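Build me a model from this:
(4 chains)
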Number of protein chains: 2
Amino acid sequence: MIDFEKLKTIYQIGKDLEAQDIYSLIKSAKNKTYAPSEYLIEEGTKRRDIFYLKKGLIRSFIVNEKGDEITMGLKWENHVVASPDIILHGQASRFYFQALEHTDVLLMDYDLLQNIISKNPKLEKSRKYIFQRMLKEAQERIESFVLYSPEERYIRYIESNPELINRVPNKYIANVLGITPVSLSRIRKRLATKK
Amino acid sequence: MIDFEKLKTIYQIGKDLEAQDIYSLIKSAKNKTYAPSEYLIEEGTKRRDIFYLKKGLIRSFIVNEKGDEITMGLKWENHVVASPDIILHGQASRFYFQALEHTDVLLMDYDLLQNIISKNPKLEKSRKYIFQRMLKEAQERIESFVLYSPEERYIRYIESNPELINRVPNKYIANVLGITPVSLSRIRKRLATKK
DNA sequence: ACTGCTTCTTATCTTTTGTTAACGTCTCTT
DNA sequence: AAGAGACGTTAACAAAAGATAAGAAGCAGT
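Numbering: from 1, shown residues only, chains lettered A, B, ... in the order given. Predicted coordinates for the structure are as follows:
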């Protein structure tokens, strides 16, 4: 039976695909849904899943020595999500990936995906595109840490992601910016009184 | 005439290549040498060069509104160097890339390289490998900003790159860590007196 | 509607960082 | 050999951030 939902998503990810390529992907990808607070990936997992976010919001966090949860990243619609520990290092994930909203994903095994891509040259363009986009995001984030103060970082973050402030608790945003929630609260007050 | 130096380097980058692939790369790649303080890439450039560092040390920096040079990154042997503005954003480079030591590189046009890779499926493995390595590096750097204090960041940086401290002025390392040279000097003193 | 929990803010205090400037040391140049 | 720069350190002060705790506001669940 044809899963039109899935087909639509895959078609959006990899344009210019041939029927055979699309079929390969559909066969191995799975739709899945997560309720708020459910985990896509838990700490210690080695399952090499990679997720494409169709709808919803995911936070990744790590539990430090003190037992505090530190939010590393926030991802939403059209982002690709995977644990860098598993995919890039081949280790068990130190991170949790948790849905903050009702979240719809398309997921598949990373190695299987890479195999399919390697056997379907047309897909290489998509792989290159996704890697480049991830690198671009990472690069920009590093820049923000090196070049800007926490206050400037916050201004830039909400300016480039204005929808987020209504979807995510500030304490998570503080972590992403590399500061404490208390400090973010003070920054917000400074900015409010300046204007 | 055969350039054995070049051949050797290319062979190290892309293992399992066929003769035709190697020939494609050799034909388009160029060896180049830079003296200390020479620029590989200058601000404003759009030349889509990508460099493989055979020997030497490169710092990338940006000049901010105050006119200060902020060092964004340091790269040395076996790293791949390119301007993210040019390669990932298609814009003119905001960064300078400057040799700090006598530096030997293999360079080629990025688009040409991508073309060659696309036409030589065997090379896809190398592309994937390089992208993954760059992502891994970026990911780890972001982690260090989110999870650790400047002091911890410094300790980790010199522990994982012990050779660097003797090759690079501290003021550049301070920038890379997202702090001022004065602050790094204080951190170094704190660490020295602790022990 | 009430209770409990989470989030955000505010306050206080300590620690760290940024800023600016001065000083010693070292290197390179002339 | 003298002078100029570059680099690292130190000092002094202001500004910001971390840590901890307490209170207010909002939300969820019963």
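
residues contacting A:V105?
A:N31, A:K32, A:T33, A:Y34, A:L40, A:F51, A:Y52, A:L53, A:K54, A:G56, A:V81 (Cβ atoms under 8 Å, 6 or more residues apart in numbering or on different chains). No exception for glycine: its C-beta is placed from N, CA and C like everyone else's.

residues in chain A within reach of chain B, list them.
Contact residues, chain A versus chain B (Cβ under 8 Å from any Cβ of the partner chain): A:62, A:64, A:70, A:72, A:84, A:88-89, A:114, A:118, A:121, A:124-125, A:127-128, A:131-132, A:134-136, A:138-139, A:141-143, A:145-147, A:175-176, A:178.

so of those residues, which ones are in strands?
The members of the residues of chain A next to chain B that map onto strands under DSSP state E are A:I62, A:I70, A:M72.

one step back: buried subset of the residues of chain A next to chain B, written for ChimeraX?
Of those, the buried ones go into a single ChimeraX selection, burial set by 16 or more other Cβ atoms under 10 Å in any protein chain shown:
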select /A:62,70,72,84,88,114,124,125,127,128,131,134,135,138,139,141,142,143,145,146,147,175,176,178
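
which of the residues in the helix or strand encompassing A:F51 are buried?
For A:F51, the host element (DSSP states H and E) is strand A:49-55. Of the residues in strand A:49-55, A:D49, A:I50, A:F51, A:Y52, A:L53, A:K54 count as buried by neighbour count, 16+ other Cβ under 10 Å.

which one of those residues is nearest chain B?
A:I50 (12.9 Å; Cβ to the nearest Cβ).

Quickly note the distance from the closest one to DNA strand D.
30 Å (Cβ to the nearest atom of the strand, to the nearest Å).

and after the one helix or strand in chain A whose mean pLDDT sits lowest, which helix or strand comes next?
Lowest on mean pLDDT, DSSP states H and E among the helices and strands of chain A sits helix A:4-13, with a mean of 65. Counting by DSSP H and E, the next helix or strand C-terminal to helix A:4-13 is helix A:19-28.

Just the buried positions in that following helix, please.
In helix A:19-28, counting by 16+ other Cβ under 10 Å, buried: A:D21, A:I22, A:S24, A:L25, A:I26.

avg pLDDT for the longest helix belonging to chain A?
If you go by DSSP state H, chain A has its longest helix at helix A:124-147. Per-residue pLDDT over helix A:124-147 has a mean of 94.

Setting aside sequence neighbours, what's the nearest residue to A:Y172?
Of all residues not flanking A:Y172 in the chain, A:T71 sits nearest, at 4.3 Å (Cβ to Cβ, 6 or more residues apart in numbering or on different chains).

Could I get the contacting residues of the one you found?
Taking Cβ under 8 Å, 6+ apart as the test, what A:T71 contacts is A:R59, A:S60, A:F61, A:K171, A:Y172, A:N175, A:V176.

pLDDT wise, what is it at?
98.

Report the beta-bridge partners for it.
Bridge pairing for A:T71 (DSSP bridges) gives the partners A:F61.

repeat for the one 10 residues further on
Applying DSSP bridges to A:V81 gives these bridge partners: A:F51.

pretty sure it contacts A:I58?
Yes. Using Cβ atoms under 8 Å, A:V81 makes contact with A:I58 at a distance of 5.7 Å.

Please say which of those two ends up with more neighbours.
A:I58 (23 against 20; other Cβ atoms under 10 Å in any protein chain shown).

rewinding a little: joint contacts of A:V81 and A:I58?
A:L40, A:F51, A:K75, A:F97.

any chance of these in a markdown table, with pLDDT, distance to B:V182 and secondary structure too?
Formatted as a markdown table, these follow (pLDDT from 0 to 100; distance: Cβ to Cβ, whole Å; DSSP: H, G, I helix; E, B strand; the rest coil):
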| residue | pLDDT | distance to B:V182 | secondary structure |
| --- | --- | --- | --- |
| A:L40 | 97 | 43 | strand |
| A:F51 | 96 | 44 | strand |
| A:K75 | 97 | 37 | strand |
| A:F97 | 97 | 39 | strand |
